[in-house]
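Peer 1: Let's see this in three dimensions:
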Amino acid sequence: MIRRPDRNPGARQGRTTYDRDSLVEVAVEVFNERGYDGTGMEELARRLGISKSSIYHHVSGKEELLDLAVGRALDALFAVLDEPCGAHADATARLEHTVRRSVETLAAELPYVTLLLRVHGNSEAEKRALERRRDFDHRVAELMRQAAAEGGVRGDIDPGLISRLLFGTVNSLIEWYRPDGGLSVPTLADALATMVFDGLRVQRS
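Peer 2: Predicted coordinates:
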């Protein structure tokens, strides 16, 4: 849910003051509604109820707002890859941990991840975001290859393809998951991990 900025008690009646973080929150809401390309600074200023010059006091423009927003989503996802997963965890355990925590991250940062998954590469900020997304995908694919080499998951399907299918499923949650919909995040993560890994694990006779 978008957190609305607090009113400054010292400000004039009806006027809201923003810091950079709260500017980004509102910008993400507008970008997701109208599309990044379809949003101008005039629309952002109107939604914020401030002048364009007030926005420029905090950021250089629309592209920096996008950079900050998708950077938040990407930083959270990369942090999942770097989390400790037990001293003796094998690649399969680390992979399952990554999937579960990615679901939790998507739910926690839903507006930001939604925006990240909708960028098209039409600006330098979008190109940077897509490059970091590819890096994330490559690291997950490498983890998948390690899990297959260890015999923890099936080796008869290309690891890169599995990775794309797996995170395609995770990413599809932005289209229908709602935090207030009655489905808990742990239940969602458990269901997805069970569905995926029951099909991926090597069956022992």
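Peer 1: What values do phi and psi take at Val153?
Peer 2: Dihedral pair for Val153: phi -130, psi 170, per degrees, to the nearest 10.
Peer 1: Counting residues, name the longest helix you see in the protein.
Peer 2: If you go by DSSP state H, the chain has its longest helix at helix 124-149.
Peer 1: element containing Gly121, please.
Peer 2: Here Gly121, judged by DSSP states H and E, is contained in no helix and no strand.
Peer 1: begin at 195 from here
Peer 2: Got it, the first residue is 195 from now on, which makes the last one we talked about Gly315.
Peer 1: Thought Glu325 was touching it, still the case?
Peer 2: No. Using CB atoms under 8 Å, Gly315 makes no contact with Glu325, being 9.3 Å away. (Glycine included, C-beta is placed from N, CA and C.)
Peer 1: can you confirm Met280 is in a strand?
Peer 2: Just so we're on the same page, residue 280 is Gly rather than Met. No. Using DSSP: H, G, I helix; E, B strand; the rest coil, the assignment for Gly280 is coil, not a strand.
Peer 1: Could you list which residues are in contact with it?
Peer 2: Ala287 (CB atoms under 8 Å, 6 or more residues apart in numbering).
Peer 1: In terms of helices and strands, where is the residue nearest to Ser317 when sequence neighbours are not counted?
Peer 2: Nearest residue to Ser317 in three dimensions, chain neighbours excluded: Glu257, at 5.8 Å (CB to CB, 6 or more residues apart in numbering). Element membership for Glu257, per DSSP H and E: helix 256-275.
Peer 1: May I have that helix as PDB, with CA atoms only?
Peer 2: Output in PDB follows, covering the C-alpha atoms of helix 256-275 (Å, rounded to 0.1, in the frame of the first residue of the first chain):
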ATOM      1  CA  LYS A 256      11.200  11.700 -14.000                       C
ATOM      2  CA  GLU A 257      14.100   9.400 -14.900                       C
ATOM      3  CA  GLU A 258      15.700   9.800 -11.400                       C
ATOM      4  CA  LEU A 259      12.400   8.900  -9.800                       C
ATOM      5  CA  LEU A 260      12.300   5.700 -11.900                       C
ATOM      6  CA  ASP A 261      15.900   4.900 -11.100                       C
ATOM      7  CA  LEU A 262      15.200   5.200  -7.400                       C
ATOM      8  CA  ALA A 263      12.000   3.200  -7.600                       C
ATOM      9  CA  VAL A 264      13.300   0.200  -9.600                       C
ATOM     10  CA  GLY A 265      16.600   0.300  -7.700                       C
ATOM     11  CA  ARG A 266      14.600  -0.300  -4.500                       C
ATOM     12  CA  ALA A 267      13.000  -3.400  -6.000                       C
ATOM     13  CA  LEU A 268      16.300  -4.700  -7.500                       C
ATOM     14  CA  ASP A 269      18.200  -4.100  -4.300                       C
ATOM     15  CA  ALA A 270      15.700  -6.100  -2.400                       C
ATOM     16  CA  LEU A 271      15.800  -9.000  -4.900                       C
ATOM     17  CA  PHE A 272      19.600  -9.100  -5.000                       C
ATOM     18  CA  ALA A 273      19.700  -9.100  -1.200                       C
ATOM     19  CA  VAL A 274      17.700 -12.400  -1.300                       C
ATOM     20  CA  LEU A 275      20.500 -14.000  -3.300                       C
END
